[in-house]
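# I'd like to go over a predicted model; first the sequence, then the structure.
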Amino acid sequence: LSIVSLSGSSGGLLANVNRWRGQVELDPIIERDILTTSSVGESKMGPYRIFKMINEKKKEKAIIAAVLPTGEKTFFIKLTADIQGISELEFSFKNFCSSIGES
């Protein structure tokens, strides 16, 4: 699991999602598909998008990532595992992302 905070949009949503897709050896997606390949969650700091990227041909390669823009910064939360690990941890990952900003 990694959590990175960068200023602004940090290259944009599409560029980051396609970089992650490349890490699991999936083809890039186009801008119009970005919303249909994600789900929305809500944290104490605002809404975020979750992307699940699974390479069915290489079961050891999977990523679930959340992008949480806050105006000045964007938080990127990324979990890398195999398909089974992502499946087992997806609920906990979403709960973690939703808790961001709690004191």
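Looks like it came in fine.
# and the closest residue to residue 72 other than its chain neighbours, how many neighbours does it have?
Nearest in space to residue 72, with sequence neighbours left out and distances taken as C-beta to C-beta, 6 or more residues apart in numbering, is residue 7 at 6.7 Å. Just so you know, the C-beta spots here come from the backbone N, C-alpha and C atoms, and that holds for glycine as well. Other residues within reach of residue 7 by the criterion other C-beta atoms under 10 Å amount to 8.
# if I read this right, residue 93 contacts residue 79, doesn't it?
Yes - if you go by C-beta atoms under 8 Å, residue 93 and residue 79 touch, sitting 5.5 Å apart.
# so what sits against both of these two?
When contacts are counted by C-beta atoms under 8 Å, 6 or more residues apart in numbering, residue 93 and residue 79 are jointly contacted by residue 64.
# about what we covered before: you'd agree the residue nearest to residue 72 is up against residue 73?
Yes - assessed by C-beta under 8 Å, residue 7 is found in contact with residue 73 at 5.8 Å.
# how close does the residue nearest to residue 72 sit to residue 36?
Applying C-beta to C-beta, to the nearest Å, one obtains 28 Å for the distance of residue 7 from residue 36.
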